[in-house]
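Novice: Structure here, sequence nowhere to be found:
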């Protein structure tokens, strides 16, 4: 399979896209109850969203890392997600409300793959929109993630258990803004 070097792959519908974050229970529990990020979540800090489930598993160690014990699936409006991309810059610049970086995608055992996965850092206006406008739902995946981790340790193939992610369609101009590749 020929996967472009920098391509957004995600679970999405006509109206929404799913991104992932991992938090301490003190932040995750109130967010789940309110179905939005509320205090102690801090709007003044950059928050990174990840459309790749396996990259999130790499980042949080299947919910085992300190401060990342709860894995959340956040369903966002596609309109909001695309606003974030349109108002972004690559992470080495700091003059936009959104930063993107492309890191090696990971397999279930955290091995780096030969193509990249996008991470999207939201700050300022973008965080306010994320919290107040774009979030459609928040789902706790922690038990599922722990089950996947156990299955992995047992040597099972996780492929059929993972979210179905596919290439996310973006316009050429937007692909240029975020540094995505087409082939």
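Specialist: Sure thing, it's come through. What you see is a predicted model, and the numbers here were worked out from it, not measured in a lab.
Novice: so residue 5 touches residue 118, yeah?
Specialist: No. Residue 5 is beyond contact range of residue 118, at 11.6 Å (criterion: C-beta atoms under 8 Å). (Each C-beta comes from the backbone N, C-alpha and C, glycine too.)
Novice: Between these two, which has more neighbouring residues?
Specialist: Shown here are residue 5 and residue 118; by other C-beta atoms under 10 Å, residue 118 has more neighbours (26 against 13).
Novice: and the nearest residue to the more buried one once chain neighbours are set aside, what pLDDT?
Specialist: Nearest residue to residue 118, sequence neighbours excluded (C-beta to C-beta, 6 or more residues apart in numbering): residue 8, at 5.3 Å. pLDDT for residue 8: 97.
Novice: Show the contacting residues for residue 8.
Specialist: Residues in contact with residue 8 (C-beta atoms under 8 Å, 6 or more residues apart in numbering) are 51, 118, 167-168, 170, 180.
Novice: in this structure, which ranges drop under the pLDDT threshold?
Specialist: The chain contains residues with pLDDT under 70 at 1, 91-94, 183.
Novice: Output the longest helix belonging to it.
Specialist: Determined from DSSP state H, the single longest helix within the chain is helix 142-153.
Novice: Go ahead and measure how far that one is from the middle of the chain.
Specialist: 18 Å (C-alpha atoms, centre = their mean, to the nearest Å).
Novice: go on, stretch 152-170?
Specialist: Its chain's average C-alpha position is 14 Å from that of stretch 152-170, according to C-alpha atoms, centre = their mean.
Novice: Show me what counts as buried in that stretch.
Specialist: 152, 165, 168, 170 (16 or more other C-beta atoms under 10 Å).
Novice: Filter these down to just the ones in strands.
Specialist: If you go by DSSP state E, those have nothing in strands.
Novice: of those residues, closest to residue 87?
Specialist: Nearest to residue 87 among the buried residues of stretch 152-170 is residue 170, at 13.9 Å by C-beta to C-beta.
Novice: Let me see the ranges of the strands in this structure.
Specialist: Using DSSP E, strands in the chain cover 9-10, 16-23, 47-49, 70-77, 88-90, 98-106, 112-122, 135-140, 166-167.
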